[in-house]
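J.: What would the 3D arrangement of this be:
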Amino acid sequence: MTQSSRYLVSLRNVHKSYGENHVLRGVSLAVEPCEVVAIIGPSGGGKSTLLRCTTLLERFDEGSLSYGDLDVAVDNGSGSVYGGKDVLHQARLRFGLVFQNYNLFPHYTVLKNVMDAPLTVQRRDAAEVEDQARSLLARMGLTGNESKVPCELSGGQQQRVSIARALCMNPDILFFDEPTSALDPELTQEVLKVIRDLASQHMTMVIVTHEMTFARDVADRIIFLDGGAIVEEGSAEQLINNPTHQRTREFLNRYEG
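T.: So this is what the prediction gives:
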């Protein structure tokens, strides 16, 4: 087993710039099976850019990216060099992504939204996919909503559909980009409960979040990202309750109470 294949995802010394704006500055991160990692930090600190590049919506300028034993991007000193279409396709099958704003197809029913990618991308059996989709919707507390379209659902329900959609691809790891930022407090609790349940079932997850109490309660490890670099990381309890870096303490003090 290689060092990178121990981990479901591994980033090594990644950089990303937009013009003169150096957004990511040498970030390295590796996530083990069944681990829940929360990424916290101020707006503009690089959290969403890190997630977008890791999930191949954008590309790193420098550094390496692997999913298990699959090298997606390598850097031998001249910048990130990405694999071909087959490599990228294989990588995309290994993760799921839940966006801030649901990204459901507005003209598809709830059931069709969940079934679409397994049918069109994975080419799986329709009956098998439908059984799994209905089971996942039941798990999300959405039984009876299968024939509705997204606009007929609350924001919390739509986000739970998007989680079911991601899970229906049977990913090795699930990424969340501020999954509750568009929700009011009551609906936020619905979605956080679902993520807590996934954590209790040992789903590997990376969660960008501004919910500090949730991060402490659910994550195995928390990473504080600021200025495009990891300022501090550690166990959830240690980092939230007893941070060692002054910048981390300043950030967390804003969330007291």
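
J.: And the pLDDT at the nearest residue to M212 once chain neighbours are set aside?
T.: Closest residue to M212 apart from its sequence neighbours, by CB to CB, 6 or more residues apart in numbering: Y255 at 4.6 Å. (Each C-beta comes from the backbone N, C-alpha and C, glycine too.) pLDDT for Y255: 71.

J.: ok, Y255 to S78 distance?
T.: Taking CB to CB, to the nearest Å as the measure, Y255 falls 41 Å from S78.

J.: out of those two, which sits in the busier spot?
T.: Legend: neighbour count by other CB atoms under 10 Å for Y255 and S78, higher for Y255 (12 against 7).

J.: Give the helix, strand or coil label for the more buried one.
T.: Using DSSP: H, G, I helix; E, B strand; the rest coil, the structure places Y255 in coil.

J.: Kindly report the same for Q90.
T.: Secondary structure, three-state DSSP: Q90 is helix.

J.: Is it correct that it is in contact with D71?
T.: No. Look at Q90 against D71 with CB atoms under 8 Å: they stay out of range, at 10.7 Å.

J.: Not counting sequence-adjacent ones, nearest residue to C34?
T.: Nearest non-adjacent residue to C34 (CB to CB, 6+ apart): H202, at 4.3 Å.

J.: that older thread, please say which of Q90 and D71 ends up with more neighbours.
T.: Set side by side, Q90 and D71 show more neighbours around D71, with 19 against 14, by other CB under 10 Å.

J.: Shouldn't that one be within a strand?
T.: Yes. Under three-state DSSP, D71 sits within a strand.
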